[in-house]
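A.B. asks: got a sequence here, can you build the structure:
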Amino acid sequence: MIRLLYSLLTYLLLPVVLLRFAYRSRRYQLCWKHGLQRLGYIQRVKQNPCLWVHAVSVGETIAAQALINSLCQYYPDHTIFITHMTSSGFEHSKHLFSKLDQVSIAYVPYDTPGAMKRFLRRIHPRIAIMMETEWWPNCFHYCSKFHIPLLIANGRLSARSQRRYSHISWITRHLMQQVTCYAAQSEADAQRVLALGLPPDRMNIVGNLKIDVNIDEQWKIDGDKLRQQLGKHRPVWVAASTHAGEETILLAAHHRVCRVLPNAVLILVPRHPNRFNVVAELAQHSGLNIVRRTDQKTTLHDNQSLFLGNTLGEMMIFYAAADVAFVGGSLVPIGGHNLLEPARLKLPILSGSHLHNFMAISQLLLDAQALTIVDEESLAEQVIQWLKYPEERKQVGARAERALHAHHGALERHLALIKSLVTNLQE
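C.D. replies: Predicted structure coming up:
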């Protein structure tokens with residue numbers, strides 16, 4: 001009954017959602033066929049079997065990267081069908097996987113009964129792999145009805161999210177009964193999910209897939225090229241995945257940094273593409289001369305100290321070009337973003353205090369003395385400290401990389417679970 005009421009509500013809201021999609025399609029030049037994909041009209045998968053991986057946005061796509069590459073190797077006769085909820089996730093996936101003939105990429109359908117049934121019947125997945133925290137009643141229901149094993153991969157659940165879900169425990173308990181296997185990042189994540197009703201025999205604690213993402217040497221090569229354009233001998237710090245309310249703080253901090261280090265450069269990378277122009281205007285109004293990544297000539301002159309990362313899929317290049325990293329979504333109550341990317345490149349990391357979406361990873365780095373929590377007042381001071389003293393920042397960055405190395409192995413454990421589910425299905 002609850003799912004039927006939910007389905008009725010999604011159908012009632014569907015016209016509004018489709019109008020919004022039409023508006024965004026015109027504004028951001030989205031292809032009309034993406035709207036059909038949202039309704040489950042997916043191009044039918046060829047005769048070879050299919051493995052479905054759903055990664056809602058960029059962060060989940062990064063987490064799934066090593067897993068998807070491994071699935072291509074372990075199941076060469078399968079289509080790896082990847083879906084996304086956001087345009088940024090979709091574009092990042094195209095950047096990573098479009099050259100692989102084995103991979104198909106699409107938008108996930110809206111969670112209505114018709115769209116989800118149509119989608120599943122067209123791709124016929126042997127397994128559904130949901131990255132991190134994707135819980136959709138009709139998706140779960142029809143995976144169960146069509147006997148498709150459902151794996152929650154790299155699963156995480158913050159204490160705040162658990163409290164919210166506990167208010168609708170009669171719904172989450174039913175959802176958890178439809179999960180075939182849950183692969184949690186940590187013991188804390190596992191306990192929160194179990195409290196919401198997941199049967200204990202379906203829980204596995206396997207670690208964080210993002211820790212196992214390999215360093216692509218091309219990132220370092222491209223990062224070095226960018227550093228040459230920014231000025232090889234200029235100190236550079238990056239502010240990544242920033243949100244509204246943070247850029248003003250970061251721009252003010254950069255002014256303070258430049259008073260001490262006049263040739264310092266800030267690489268500023270907003271989280272969402274639709275804010276690139278807004279942030280550019282903020283920077284100009286603050287009195288900073290900016291260069292955009294998309295400018296034909298990206299070399300900075302001496303009077304230019306702000307580089308706007310207004311592209312998708314290049315975050316690791318921006319990190320590789322920097323000396324110090326600030327990770328956004330943390331000075332405002334968003335919950336933080338991926339701290340592992342700068343850690344893998346041995347950068348000292350700064351963050352605000354709002355880290356409730358990444359408690360396990362942030363605690364790991366804090367324990368290793370590789371992460372420093374800052375606020376509006378202390379941000380510039382810490383950036384200056386690390387930019388002025390390279391040996392100190394190198395020691396901090398090395399501690400970050402060592403902390404991650406000690407926790408490798410999540411990829412192999414995920415692959416073992418997938419193999420077990422697919423094998424059991426064959427039997």
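A.B. asks: burial of residue 373, as a residue count?
C.D. replies: 16 (other CB atoms under 10 Å). For the C-beta atoms, the positions are set from N, CA and C on the backbone; glycine is no exception.
A.B. asks: now do it against residue 339, distance only.
C.D. replies: 11 Å (CB to CB, to the nearest Å).
A.B. asks: same thing with residue 241?
C.D. replies: From residue 241 to residue 339 the distance is 10 Å (CB to CB).
A.B. asks: identify the contacts common to residue 373 and residue 339.
C.D. replies: Jointly contacting residue 373 and residue 339 under the rule CB atoms under 8 Å, 6 or more residues apart in numbering are residue 351.
A.B. asks: give me the buried positions along stretch 355-373.
C.D. replies: 355-362, 364-365, 368, 370-373 (16 or more other CB atoms under 10 Å).
A.B. asks: then stretch 210-221?
C.D. replies: 210-213, 219-220.
A.B. asks: quick check: neighbours shared by residue 241 and residue 339?
C.D. replies: residue 327.
A.B. asks: tell me which element the closest residue to residue 401 other than its chain neighbours is part of?
C.D. replies: Setting aside the residues directly before and after it, residue 401 is nearest to residue 346 in space (CB to CB, 6 or more residues apart in numbering), at 4.7 Å. Assigned by DSSP states H and E, residue 346 belongs to no helix or strand.
A.B. asks: right, and residue 346 touches residue 394 too?
C.D. replies: Yes: Residue 346 lies in contact with residue 394 (CB atoms under 8 Å); the separation is 7.4 Å.
A.B. asks: look at those two and report which has more neighbours.
C.D. replies: residue 346 (20 against 15).
A.B. asks: how near is the more buried one to residue 326?
C.D. replies: Residue 346 is 16 Å from residue 326, by CB to CB.
A.B. asks: what of residue 401?
C.D. replies: Residue 401 is 18 Å from residue 326, by CB to CB.
A.B. asks: same thing with residue 311?
C.D. replies: Residue 311 is 19 Å from residue 326, by CB to CB.
A.B. asks: ok, those two, which is more surrounded?
C.D. replies: Taking neighbours as other CB under 10 Å, residue 311 and residue 326 compare with residue 326 leading, 29 against 17.
A.B. asks: inside strands: which ones of the buried residues of stretch 355-373?
C.D. replies: Taking DSSP state E as the definition of strands, these contribute 371-373.
A.B. asks: does residue 376 sit in a helix, a strand or a coil?
C.D. replies: Recorded secondary structure, residue 376: coil (DSSP: H, G, I helix; E, B strand; the rest coil).
A.B. asks: residues in contact with the closest residue in space to it that isn't next to it in sequence?
C.D. replies: With CB to CB, 6+ apart as the criterion, residue 376 has its nearest non-adjacent residue at 5.1 Å, and that residue is residue 249. When contacts are counted by CB under 8 Å, 6+ apart, residue 249 is found next to 331, 376, 379.
A.B. asks: what do you get for residue 219?
C.D. replies: 316-317, 319-320, 345.
A.B. asks: how about the strands in this protein?
C.D. replies: With DSSP E as the criterion, the chain has strands spanning 50-54, 79-84, 103-107, 125-131, 150-155, 181-184, 203-205, 236-242, 265-270, 290-292, 306-308, 324-327, 349-351, 371-373.
A.B. asks: and those: which comes nearest residue 298?
C.D. replies: strand 290-292 (5.8 Å; CB to CB).
A.B. asks: model confidence over the closest one, on average?
C.D. replies: Averaging pLDDT along strand 290-292 gives 93.
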